[in-house]
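Asks: Fold the following.
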Amino acid sequence: MSRLDWREYIEVDAAAPGGRPVVRGTRISAQEVLDAVDRGEEIAAILAAYPQLTRESVLAVIQFRLAHQYVQERKHAERRRLPFAPGPG
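Replies: Residues are numbered from 1 along each chain as shown. Okay, here's the model as predicted:
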């Protein structure tokens with residue numbers, strides 16, 4: 001079984017203001033797919049609504065979200081750490 005790498009499926013749409021992540025080769029934003037996932041839609045229903053997508057591209061969008069959340073949580077944890085302050089002596 002090969003590993004799925006979201007970077008192969010997601011790209012930034014430079015034409016969109018601020019750039020937005022889209023499924024490579026389409027104009028379908030990652031957010032549109034994630035909205036469908038958040039509504040509880042099955043992958044089959046998402047594929048029916050967006051025939052340009054593949055099962056792998058939907059899974060890659062979900063993986064993209066998880067990777068982004070992980071990075072954000074790590075940044076937040078780093079900000080909460082107290083700076084090291086050496087004691088006297």
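Asks: Report the separation between Arg20 and Val37.
Replies: Counting by C-beta to C-beta, to the nearest Å, the gap from Arg20 to Val37 is 17 Å. Yep, even glycine has a C-beta here, placed from its N, CA and C like the rest.
Asks: again, but for Ala15
Replies: From Ala15 over to Val37 (counting by C-beta to C-beta), the distance is 25 Å.
Asks: In terms of neighbours, single out the busier of these two.
Replies: Val37 (16 against 9; other C-beta atoms under 10 Å).
Asks: what's near enough to touch the more buried one?
Replies: The contact partners of Val37, taken as C-beta atoms under 8 Å, 6 or more residues apart in numbering, are 46, 58, 61-62.
Asks: All the strands of the protein, residue numbers only.
Replies: For the chain, the strands defined by DSSP state E cover 10-13, 20-23.
Asks: Which of these has the lowest mean pLDDT?
Replies: Least confident of the strands of the chain, judged by mean pLDDT, is strand 10-13 with a mean of 89.
Asks: what packs against that one?
Replies: With contacts defined as 3 or more C-beta pairs under 8 Å, 6 or more residues apart in numbering; DSSP states H and E, the packing partners of strand 10-13 are strand 20-23, helix 55-80.
Asks: let's see 6 Å
Replies: Helices and strands touching strand 10-13, by 3 or more C-beta pairs under 6 Å, 6 or more residues apart in numbering; DSSP states H and E, are strand 20-23.
Asks: what residues does the strand it packs on touch?
Replies: The set of residues that contact strand 20-23 without belonging to it, under C-beta atoms under 6 Å, 6 or more residues apart in numbering, is 10, 13, 29-30, 57.
Asks: of the residues you listed, closest to Glu73?
Replies: Ala30 (18.6 Å; C-beta to C-beta).
Asks: The closest one contacts Ile62, doesn't it?
Replies: No - using C-beta atoms under 6 Å as the test, Ala30 is too far from Ile62 to be in contact (9.4 Å).
Asks: Of those two, which one has the most company?
Replies: Per other C-beta under 10 Å, whichever of Ala30 and Ile62 has more neighbours is Ala30, with 24 against 16.
Asks: The more buried one and Lys75: what is the separation?
Replies: As it turns out, when the distance is counted by C-beta to C-beta, Ala30 lies 20 Å from Lys75.
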